[in-house]
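1. sequence first, then the predicted structure:
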Amino acid sequence: MNAEKKPSTEDDVIIEPGEASVDDWFGQDLERDIEDAERALELAGGDETRAEGIFDDIRRPHKSDLFDVPADERPA
């Protein structure tokens, strides 16, 4: 049986297993976005339009945001 290894968490800090991949990071970013979106919808009282604005304010940054390079500045 191939059990998937989950990262452990400590005080909202994710501790990666030694063989963590970029796919793991994207999955964690997605999981956080889902949590933040659900929280935004709750804060907006179910109003999806208001929740979008709240989400933009409360969304936790992704690790990849630090390395986001505009397409016209990327090497070919």
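-> Okay, I see it.

2. now residue 26. Nearest residue, chain neighbours left out?
-> Spatial nearest neighbour of residue 26, chain neighbours left out: residue 64 (7.8 Å); criterion: C-beta to C-beta, 6 or more residues apart in numbering. Every C-beta, even on glycine, is put in place using the N, C-alpha and C of the backbone.

3. separation between the one you found and residue 32?
-> If you measure residue 64 against residue 32 using C-beta to C-beta, to the nearest Å, the figure is 12 Å.

4. what comes up buried for stretch 34-51?
-> 36, 37, 40, 41, 44, 51 (16 or more other C-beta atoms under 10 Å).

5. what's in contact with it?
-> Contacts with stretch 34-51, where a contact means C-beta atoms under 8 Å, 6 or more residues apart in numbering, come from 52, 54, 55, 58, 59, 60.

6. just to revisit the earlier point, how many neighbours does the residue nearest to residue 26 have?
-> 11 (other C-beta atoms under 10 Å).

7. the one 5 residues further on now?
-> When neighbours are defined as other C-beta under 10 Å, residue 69 has 8 of them.
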